[in-house]
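**Student:** sequence and predicted structure are below.
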Amino acid sequence: MNLPNFLTWLRILFIPLVIGVFYLPAGWLSPMQTNLFATAFFIIAAITDWLDGYLARKLDQTSAFGAFLDPVADKLMVAAALIVLVELDRTHSVIALIIIGREIAISALREWMAKAGKSGSVAVSFIGKLKTALQMIAITLLLYWEPLAGLPIQLLGHILITLAALLTMVSMFYYLRMAAKTLRE
């Protein structure tokens with residue numbers, strides 16, 4: 001156990017907090033407080049996502065276990081948040097299916113490519129990183145849901161999650177194209 005892996009586990013532990021505040025008994029929190037707490041927990045979890053990778057490289061504490069656990073934690077966090085957002089009618093189920101489906105498909109592709117000794121063929125691309133950034137911002141806005149300083153948070157969240165879903169499809173086709181030669185063999 002090192003600090004980067006601890007932060008990854010911490011991110012996993014934040015998932016029930018992000019989700020759980022929406023299921024507290026009526027009256028424990030106002031709707032605004034519920035949105036605020038869920039958003040704060042999600043932001044903290046998202047920061048640990050960046051921080052664990054940074055610290056692993058900076059402290060030279062990368063590990064095979066960390067390389068496995070980090071993307072699992074990311075996918076669990078995003079999938080859980082999307083499912084709740086669908087249930088709250090803050091995003092469409094098609095968007096959630098696109099994003100979650102792509103994550104499952106690309107994870108399987110990466111695992112298969114690694115077994116074939118070709119994991120470099122499906123290394124993370126710029127478009128994948130851009131997709132992730134838009135997705136995290138969009139989920140944050142959709143969790144918060146309330147207008148903020150005159151900004152239409154709901155509209156911005158919907159626009160960004162739609163763009164993230166489009167980039168999700170583009171990145172999936174990019175990864176499939178990168179792996180096509182090995183897939184044909």
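**Tutor:** On my side now, so go ahead.

**Student:** for residue 1, give its distance to residue 144.
**Tutor:** 33 Å (CB to CB, to the nearest Å). For glycine as for every other residue, the C-beta is placed from the backbone atoms N, C-alpha and C.

**Student:** between the two, which has more neighbouring residues?
**Tutor:** residue 144 (20 against 8; other CB atoms under 10 Å).

**Student:** is it true that the more buried one touches residue 153?
**Tutor:** Yes - at 5.7 Å, residue 144 counts as touching residue 153 under the criterion of CB atoms under 8 Å.

**Student:** need the contact list for residue 60.
**Tutor:** By CB atoms under 8 Å, 6 or more residues apart in numbering, no residues touch residue 60.

**Student:** hmm, who's touching stretch 73-80?
**Tutor:** 8-9, 11-12, 14-15, 18-19, 42, 45-46, 49, 99-100, 103-104, 107, 132, 135-136, 139.

**Student:** mind checking the SS state of the spatially most central residue of the chain?
**Tutor:** Geometric centre of the chain, nearest residue: residue 78, 3.6 Å, by CA atoms, centre = their mean. What DSSP: H, G, I helix; E, B strand; the rest coil gives for residue 78 is helix.

**Student:** pLDDT weak spots in this structure?
**Tutor:** Scanning the chain for pLDDT under 70 picks out 119-124, 183, 185.
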